[in-house]
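Visitor: Predicted model and sequence below, questions to follow.
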Amino acid sequence: MGTQTGIGASVKRKEDKRFIIGKGRYLDDISRPGQTYGYFIRSPHAHAKITSLDSTAALKAPGVVAVLTGPDMQADGIGPLICGWGITSKDGTPHKAPAHPALAIGRVRYVGHQVALVVAETLQQARDAAELVEIEYEELDHVIEVGDALAAGAPQIHDDVPGNLSFDWELGDRAKTDGAISAAHHVTRMKLRNNRLIPNAMEPRAALGDYDSGTDEITLYTTSQNPHVHRLVLSAFNAVAPEHKLRVIAPDVGGGFGSKIFIYSEETVCAWATKKLNRPIKWTAERSESFLSDAHGRDHETFAEMAFDANGKILGLKVSTKANVGCYLSTFASAVPTYLYGTLLSGQYTIPAIYCEVQAGFTNTAPVDAYRGAGRPEATYVVERMIEIGAREMGIDPAEIRKRNFIAPDAYPYETPVIMTYDSGNYALAMDKALEAIDYSGFAARKAQSQTKGKLRGIGFSAFIEACGIAPSAAVGSLGAGVGLWESAQVRFNPTGSVTVFTGSHSHGQGHETTFAQIISDQLGVPIDQVEISHGDTGKVPFGMGTYGSRSLAVGGSAIMKAIDKIVEKSKKIAAHTLEASVEDIEHSGGVFKVAGTDKQMTMAEIAFSAYVPHNYPADVEPGMDETAFYDPLNFTFPAGTHIAEVEIDPDTGTTEILDWVAVDDFGNVINPMIVEGQVHGGIAQGIGQALLENCVYDKESGQLLTGSYMDYCMPRADDLPTFRVQTINTPCKTNPLGVKGCGEAGAISAPAALMNAITNALGKEIDMPATPEKVWRAAQGL
Amino acid sequence: MYHFEYQRPATLDEAVALLKEDCKLLAGGQTLLPTMKQRLAQPEMLVDLGAIETLRGVCPDDDKLAIGAMTTHAEVASKADIPALACLAAGIGDPQVRNRGTIGGSVANNDPAADYPAAVLGLNAQITTNKRVIAADDFFVDLFETALEENEIIINVTFPRPQAAAYVKFDNPASRYAIVGVFVAKTGGGVRVAVTGAGPCVFRHKDLETALTSNFSAQSVDTVTVSATGLNNDLHASAEYRANLIKVLTKRAVAQIGG
């Protein structure tokens, strides 16, 4: 097919026109006739008993339709929110996931906890009435940090979870790793803090429940990365409605970064309440509600030991992590610090012995769950900080020590000690290209030049790996997942030759409407403007597991390829019949079906027309050209690469300026290089945000969220960032038909370690993220 | 936002006549309106000064520069012919804030991390109200507190021209307010050093002023001990770090001026 719109072409994003001209339709743009507005009353306390709740006055206020509470939901048989991944502790017991009612029952456990919903004719009326709901609390002791929560004598957050411990999980070979450490030439030991983050998607979460009493169907519009998963959970576990009477629509969604995977209280309440009140109900989060109640990310306290021989060859890695999961286990919270974390601790290296243990502790903070990278940034941070520090301690060049440990390009499939089997990669190639691009050999001279200006220059590496394309259903099932992680696609030709693709992946910024259309254009020769990608509506798309973990192209794209295979197979039969040849003689390429060795051919458009107007048609072939496929991946995919950051620090103020950033990433085959580059830019920006600027802080004394607005929570801005120099190398993935690996999270996974390695290289001292000016100043001044 | 009454008088006299208890003056609204939206402020009435033309504009004179209270930061940035002041105004907030926010609103609010108070105090400006003229040294009283009385409206702020001046600030990375901002001015009456962001209220650093008046150089700043006592200590910066920034930024301001 023409290279203009096929695989490998930087096609401009088809979806951007509507966003640019203001015709995007986000959730708050949607309204339904007779709509009411919901306002959530939230806990002002970190931990308290609700001793009374009186809505008498509120119910008399103008416009108020209802005040709904946790006990109301319970009385209607609405089940609590769930955690969809079961983790087994070292002692064989299942994780503890205390009941999480969508509206609090009797007790609140964090500031922002949903206590009641006020429904009124206008939002203003709902807010006014909320102030009339009289709630009395009896405050209880609270705990914010996971280390404190897991210590003896900590306040008990759940009566049925002794010591606030959800699970104590392990992976790998403890004895072998201990042996490697005790026999090692050198052991690097470090405490590492992976700071807590707040996601901050541009569009805040929102929900609009719309019940149709005629059909008894609930339509829930919500900001979801996975509308079918929302429907499944709301139906099967929360009993809001049977699956066939619940339609979930996630329209244009303005960013997710993981935070819109989860099934939250607010949409559960809106879906239930619309039927109870027989009125549409809309709730749109204010930004401060997003800060308080979107699932936060990261928040690990880790102690790691990396053992080396005299040449810098890694002999073992032992990691002990305390993960803060907040006050309840969110939808996938248990998988993030376990199977998305411990399994990546081999990095790009041959490490003979690895052991990882993770204690997950409840605290009086918002639930913590997947955030761009989810577990893998935490793993990369541990591995890449430890090898860098080890190199410094042993006096080995940081690039060289990595090269001595890289898995060789001919060693695939490579099985790690932490249950992953890497299919492909070429780590030294990415490193060499990155070294060349950053002019590593010129660094010493640049550093000397900075010194003459009184500045400290540093360079830092991160050779990251991640597991994407989540995931083979049988594999994740054996590890505790409550769902299968396949994807579906339906490719429907219209009689006139245009195509609609229905995909279970969900685009909330990723550009699927372009990338997926390029696959169709490439494989079936359809002009790209004749391809429509439909997603985000359980009423249209057959089924789907959604978008997270850089899985859309590797899994959703592969499902499209499978559906294309079916289209081709059927088309060959039709072509063979029409062209009076045998099916075996029909050759297909880019939407042209040819009788081998002749000039007889049919185009895809002609075949599609024939399928809908089957006047001259094979007897054993069904009319129509509409194929659905489900694809279950054979393995994870393993994008990897090297990022190098170069910084200059002003020791008088502690300001860090990022001077240069090189990223050489292996994403396998690339469908749209421009979109990939954009994804890498966004990921690096978020990673730099984590390392330099972002930090979620609760006040330990009061339990209040101190960083509850942009006045105090620092998002990265354009002027904080350098020009990124991004390249890819392309070692095709061996386990999916497109040979793709996924690129959405790479930047966020790689960047924090690269930047912290650069900053600590400049300082000659270790500090934790975020590297705020004061922290850097103190280190630079030796304070 | 709660319900409130809204008035937009055309003259200063009408505005004064409207003032009553639980009433707030609305200038650019860059602090007041977000506070009201969050239901943290509940005025019964807003008196919008936006229609009073006499409160707007930059009026240069040989030895001074008068700026109307309702002049936006963007106008000051583009029209004020005291470069340090124009530069300060250009660094406030973002373009939206600079095109709505006003100098009068800023000094009346006296946010401890706002930029303008540093210029007003550093340049020894005078604040003219409908009742009197207040010297900068007497104007800024404490955290969000000024010498303004009830029913007093700022008409303009008049800046004497300095021999030279510079403002250097260290942004809070999140809000981009000043963690510390230092305004250094060489004036006929000696060197003035005004510090914003560091304490509960903008203040003059007398030791730095004395040192710089006798020897206007970065080395001179090094001889001064800047105490952390009484400085702000928060999520973003400790008092000790702020004390360091006062010194570093003063040196940079001195270097900008050419000391």
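Guide: Here it is on my side, so go on.
Visitor: The stretch 151-259 of chain B against chain A: which residues are in contact?
Guide: Counting by C-beta under 8 Å from any C-beta of the partner chain, the residues of the stretch 151-259 of chain B lying close to chain A are B:170, B:173-175, B:177, B:235-238, B:241, B:244-245, B:248. No exception for glycine: its C-beta is placed from N, CA and C like everyone else's.
Visitor: The lengthiest strand in chain B pairs with which strands, parallel or anti?
Guide: In chain B, assigned by DSSP state E, the strand with the most residues is strand B:178-187. For strand B:178-187, the paired strands and their directions (DSSP bridges) read strand B:164-171 (antiparallel), strand B:190-196 (antiparallel).
Visitor: Please identify the most buried of those.
Guide: With neighbours taken as mean count of other C-beta atoms under 10 Å in any protein chain shown, the strands paired with strand B:178-187 reach their highest mean count in strand B:190-196, at a mean of 25.
Visitor: Name the next helix or strand downstream of that strand, please.
Guide: Under the assignment DSSP states H and E, the closest C-terminal helix or strand after strand B:190-196 is strand B:203-204.
Visitor: which strands and helices sit next to that next one?
Guide: helix B:116-122, strand B:190-196 (3 or more C-beta pairs under 8 Å, 6 or more residues apart in numbering or on different chains; DSSP states H and E).
Visitor: Format the ones you listed as a markdown table; extra columns: mean pLDDT.
Guide: Written out in a markdown table, the entries for the helices and strands packed on strand B:203-204 read as follows (pLDDT from 0 to 100):
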| stretch | mean pLDDT |
| --- | --- |
| helix B:116-122 | 98 |
| strand B:190-196 | 98 |
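Visitor: CA atoms only for stretch A:36-45, dumped as PDB, please.
Guide: Once non-C-alpha atoms are left out, stretch A:36-45 reads as follows in PDB (Å, rounded to 0.1, in the frame of the first residue of the first chain):
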ATOM      1  CA  THR A  36     -30.000  16.900  37.600                       C
ATOM      2  CA  TYR A  37     -26.600  17.600  39.200                       C
ATOM      3  CA  GLY A  38     -24.800  15.700  41.800                       C
ATOM      4  CA  TYR A  39     -22.500  17.100  44.400                       C
ATOM      5  CA  PHE A  40     -20.500  14.900  46.700                       C
ATOM      6  CA  ILE A  41     -20.100  15.700  50.300                       C
ATOM      7  CA  ARG A  42     -16.600  14.600  51.300                       C
ATOM      8  CA  SER A  43     -14.900  13.900  54.600                       C
ATOM      9  CA  PRO A  44     -12.900  16.800  56.000                       C
ATOM     10  CA  HIS A  45     -11.100  14.300  58.300                       C
END
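Visitor: quick one: buried residues of that stretch?
Guide: Buried positions in stretch A:36-45, judged by neighbour count with 16 or more other C-beta atoms under 10 Å in any protein chain shown: A:T36, A:Y37, A:G38, A:Y39, A:F40, A:I41, A:R42, A:S43, A:P44, A:H45.
Visitor: does chain B sit close to the host helix or strand of the fifth one?
Guide: What that stands for is A:F40. Taking DSSP H and E as the criterion, the element that holds A:F40 is strand A:36-42. No: judged by C-beta under 8 Å from any C-beta, strand A:36-42 makes no contact with chain B; its nearest approach is 11.8 Å.
Visitor: which residues sit against the next helix or strand after that strand?
Guide: Sequence-wise, the next helix or strand downstream of strand A:36-42 (DSSP H and E) is strand A:48-54. Applying C-beta atoms under 8 Å, 6 or more residues apart in numbering or on different chains, the external contacts of strand A:48-54 come out as A:69, A:104, A:106-108, A:115-116, A:133-140.
Visitor: A:M711: how many residues sit nearby?
Guide: Summarising burial for A:M711: neighbours were counted as other C-beta atoms under 10 Å in any protein chain shown, giving 14.
Visitor: thought it was touching B:A174?
Guide: Yes: contact criterion C-beta atoms under 8 Å: A:M711 and B:A174 qualify, at 6.1 Å.
Visitor: Next, the residue in the stretch 551-700 of chain A that chain B sits nearest to: secondary structure please.
Guide: For the stretch 551-700 of chain A, the residue closest to chain B is A:D652, as judged by C-beta to the nearest C-beta, at 4.7 Å. Three states are possible here, and by DSSP: H, G, I helix; E, B strand; the rest coil the one that applies to A:D652 is coil.
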